[in-house]
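[1] fold the following for me, if possible:
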Amino acid sequence: MKNNKQAGFTLIELLIVVAIISIIAAIAVPGLLRARMTGNETSAIGSLKAVTSAQVAYSASCGNNGYAATFVVLGTPAPGTTDGFISADLGGAAAPQKSGYNFTLGAGTGSAAGPNDCNGTATITAYYATAVPQTFGTTGGRSFATNAGSTIWQANVATAPTEPFGAPATPIQ
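    Okay, the predicted model is just below:
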(Lines give C-alpha, C1' and ligand atoms only; values in the text may rest on other atoms or scores of the structure.)
Protein backbone atom coordinates (compact mmCIF):
# COMPACT_ATOMS: atom_id res chain seq x y z
CA MET A 1 0.00 0.00 0.00
CA LYS A 2 1.14 3.46 -0.84
CA ASN A 3 0.78 6.42 1.54
CA ASN A 4 -0.67 9.45 -0.30
CA LYS A 5 0.27 11.81 2.50
CA GLN A 6 3.32 14.00 1.70
CA ALA A 7 5.37 15.92 4.24
CA GLY A 8 5.75 19.69 3.75
CA PHE A 9 3.96 23.00 4.01
CA THR A 10 0.80 23.97 2.23
CA LEU A 11 0.51 27.25 0.37
CA ILE A 12 -1.74 28.67 3.09
CA GLU A 13 0.80 27.85 5.80
CA LEU A 14 3.56 29.55 3.83
CA LEU A 15 1.39 32.65 3.26
CA ILE A 16 0.66 32.86 6.99
CA VAL A 17 4.37 32.70 7.82
CA VAL A 18 5.15 35.41 5.23
CA ALA A 19 2.36 37.59 6.65
CA ILE A 20 3.70 37.22 10.19
CA ILE A 21 7.24 38.12 9.08
CA SER A 22 5.87 41.15 7.18
CA ILE A 23 4.02 42.39 10.27
CA ILE A 24 7.13 42.03 12.43
CA ALA A 25 9.23 43.88 9.83
CA ALA A 26 6.64 46.67 9.58
CA ILE A 27 6.90 47.15 13.34
CA ALA A 28 10.72 46.97 13.51
CA VAL A 29 11.81 49.03 10.50
CA PRO A 30 10.54 52.47 11.69
CA GLY A 31 12.34 51.97 15.01
CA LEU A 32 15.53 51.06 13.18
CA LEU A 33 15.27 54.16 10.97
CA ARG A 34 14.67 56.40 14.01
CA ALA A 35 17.71 54.89 15.72
CA ARG A 36 19.84 55.48 12.62
CA MET A 37 18.62 59.09 12.38
CA THR A 38 19.41 59.66 16.06
CA GLY A 39 22.90 58.23 15.53
CA ASN A 40 23.47 60.57 12.57
CA GLU A 41 22.33 63.56 14.65
CA THR A 42 24.64 62.57 17.49
CA SER A 43 27.53 62.26 15.04
CA ALA A 44 26.77 65.73 13.63
CA ILE A 45 26.79 67.25 17.12
CA GLY A 46 30.10 65.52 17.88
CA SER A 47 31.57 66.77 14.62
CA LEU A 48 30.58 70.37 15.42
CA LYS A 49 32.17 69.98 18.87
CA ALA A 50 35.32 68.81 17.08
CA VAL A 51 35.15 71.90 14.82
CA THR A 52 34.93 74.16 17.88
CA SER A 53 37.90 72.44 19.56
CA ALA A 54 39.91 72.51 16.33
CA GLN A 55 39.22 76.23 15.83
CA VAL A 56 40.36 77.02 19.38
CA ALA A 57 43.57 74.98 18.94
CA TYR A 58 44.19 76.50 15.49
CA SER A 59 43.64 80.05 16.76
CA ALA A 60 45.97 79.59 19.73
CA SER A 61 48.82 77.74 18.03
CA CYS A 62 48.82 78.63 14.35
CA GLY A 63 46.13 81.21 13.54
CA ASN A 64 47.62 84.18 15.42
CA ASN A 65 44.25 84.55 17.24
CA GLY A 66 42.31 84.23 13.97
CA TYR A 67 40.08 81.35 12.88
CA ALA A 68 40.30 79.04 9.86
CA ALA A 69 37.91 79.97 7.06
CA THR A 70 37.58 76.43 5.65
CA PHE A 71 37.75 72.81 6.72
CA VAL A 72 40.75 72.31 4.43
CA VAL A 73 42.72 74.93 6.39
CA LEU A 74 41.82 73.16 9.65
CA GLY A 75 43.01 69.89 8.13
CA THR A 76 46.39 71.36 7.09
CA PRO A 77 49.22 70.60 9.54
CA ALA A 78 51.25 73.42 11.03
CA PRO A 79 54.94 73.56 10.00
CA GLY A 80 56.95 70.88 11.77
CA THR A 81 53.91 68.70 12.49
CA THR A 82 52.19 65.87 10.63
CA ASP A 83 48.58 66.17 11.81
CA GLY A 84 46.00 68.84 11.07
CA PHE A 85 43.79 70.43 13.68
CA ILE A 86 40.78 68.33 12.66
CA SER A 87 40.41 64.75 11.45
CA ALA A 88 40.66 63.90 7.76
CA ASP A 89 36.95 63.03 7.48
CA LEU A 90 36.14 66.72 7.98
CA GLY A 91 39.41 68.42 7.07
CA GLY A 92 39.85 66.68 3.72
CA ALA A 93 37.17 68.61 1.77
CA ALA A 94 35.77 72.13 1.56
CA ALA A 95 32.20 70.84 2.14
CA PRO A 96 32.48 67.42 3.79
CA GLN A 97 29.66 64.90 4.07
CA LYS A 98 29.60 62.61 7.07
CA SER A 99 26.97 60.32 8.63
CA GLY A 100 24.10 61.66 6.53
CA TYR A 101 24.95 65.34 7.10
CA ASN A 102 26.45 68.10 4.94
CA PHE A 103 28.91 70.36 6.75
CA THR A 104 29.91 73.94 5.94
CA LEU A 105 32.41 76.32 7.50
CA GLY A 106 32.83 79.99 6.72
CA ALA A 107 32.96 83.51 8.09
CA GLY A 108 30.55 84.32 10.89
CA THR A 109 28.46 87.44 11.37
CA GLY A 110 30.68 90.48 11.85
CA SER A 111 33.79 88.63 10.72
CA ALA A 112 36.70 90.54 9.29
CA ALA A 113 40.00 89.54 7.75
CA GLY A 114 42.46 88.33 10.33
CA PRO A 115 46.24 87.93 10.26
CA ASN A 116 47.93 85.24 8.19
CA ASP A 117 48.47 81.95 9.99
CA CYS A 118 51.69 79.97 10.42
CA ASN A 119 51.23 78.52 6.90
CA GLY A 120 50.71 81.96 5.34
CA THR A 121 46.94 81.45 4.91
CA ALA A 122 44.55 84.30 5.67
CA THR A 123 42.37 83.91 8.76
CA ILE A 124 39.02 85.37 9.83
CA THR A 125 37.93 86.91 13.14
CA ALA A 126 34.69 84.89 13.50
CA TYR A 127 33.50 81.57 12.07
CA TYR A 128 30.13 79.89 11.48
CA ALA A 129 29.83 76.10 11.00
CA THR A 130 26.71 74.16 10.07
CA ALA A 131 25.50 70.57 9.81
CA VAL A 132 22.36 69.98 7.71
CA PRO A 133 20.80 66.57 6.96
CA GLN A 134 21.38 65.33 3.41
CA THR A 135 17.75 64.15 3.33
CA PHE A 136 15.66 65.87 5.99
CA GLY A 137 13.47 63.38 7.84
CA THR A 138 15.51 60.39 6.67
CA THR A 139 19.16 61.01 7.55
CA GLY A 140 18.33 63.56 10.25
CA GLY A 141 15.45 65.54 11.72
CA ARG A 142 17.45 68.46 13.10
CA SER A 143 19.95 70.94 11.68
CA PHE A 144 22.81 72.35 13.73
CA ALA A 145 25.12 75.37 13.78
CA THR A 146 27.85 76.82 15.94
CA ASN A 147 30.16 79.82 15.94
CA ALA A 148 33.03 81.30 17.94
CA GLY A 149 30.73 81.37 20.99
CA SER A 150 31.12 77.54 21.10
CA THR A 151 27.42 76.83 21.73
CA ILE A 152 25.77 74.40 19.34
CA TRP A 153 22.29 75.45 18.25
CA GLN A 154 19.62 73.15 16.81
CA ALA A 155 16.50 73.65 14.72
CA ASN A 156 13.90 71.08 13.69
CA VAL A 157 13.98 72.24 10.07
CA ALA A 158 15.98 71.43 6.94
CA THR A 159 18.10 74.60 7.19
CA ALA A 160 20.74 75.46 9.76
CA PRO A 161 20.05 78.01 12.50
CA THR A 162 21.20 81.45 11.38
CA GLU A 163 23.24 84.06 13.19
CA PRO A 164 22.48 85.81 15.44
CA PHE A 165 21.17 82.69 17.12
CA GLY A 166 17.76 82.75 18.75
CA ALA A 167 14.22 81.41 18.40
CA PRO A 168 13.13 79.14 16.82
CA ALA A 169 16.60 77.60 17.28
CA THR A 170 17.53 76.31 20.73
CA PRO A 171 20.96 75.70 22.28
CA ILE A 172 22.13 72.14 22.93
CA GLN A 173 24.87 72.96 25.40
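[2] quick check, central residue of this structure?
    A centroid search over the chain (C-alpha atoms, centre = their mean) returns A44, at 2.7 Å, as the residue closest to the centre.
[3] look up how far G140 lies from that one.
    In this structure, A44 lies at 7 Å from G140, with C-beta to C-beta, to the nearest Å as the measure. From N, CA and C alone the C-beta is placed, and that goes for glycine too.
[4] where exactly do the strands run in this protein?
    97-98, 101-107, 113-116, 122-124, 127-133, 143-147, 153-155, 170-171 (DSSP state E).
[5] next one: the last one to chain centre, how far?
    Between the centre of strand 170-171 and the centre of its chain there are 17 Å (C-alpha atoms, centre = their mean, to the nearest Å).
[6] pairing partners for that strand, with directions?
    Applying DSSP bridges, strand 170-171 is found paired with strand 153-155 (antiparallel).
[7] again with the first one
    Under the criterion DSSP bridges, strand 97-98 sits next to strand 101-107 (antiparallel) in its sheet.
[8] now do the strand it pairs with against strand 127-133, angle only.
    Strand 101-107 runs at 160 degrees relative to strand 127-133, counting by axes from the mean of the first three to the mean of the last three C-alpha atoms, to 10 degrees.
[9] next, the buried residues of strand 101-107.
    Buried residues in strand 101-107, counting neighbours by 16 or more other C-beta atoms under 10 Å, are found at Y101, N102, F103, T104, L105, A107.
[10] these two touch, right, the last one and T123?
    No. Here A107 lies out of contact with T123, judged by C-beta atoms under 8 Å, at a distance of 10.2 Å.
[11] give the contact list for V73.
    Residues near V73 by C-beta atoms under 8 Å, 6 or more residues apart in numbering: Y58, D117, N119, T121.
[12] what is the burial count for the nearest residue in space to the first one that is not next to it in sequence?
    This points to Y58. Nearest residue to Y58, sequence neighbours excluded (C-beta to C-beta, 6 or more residues apart in numbering): F85, at 4.5 Å. F85 has 25 neighbours, counted by other C-beta atoms under 10 Å.
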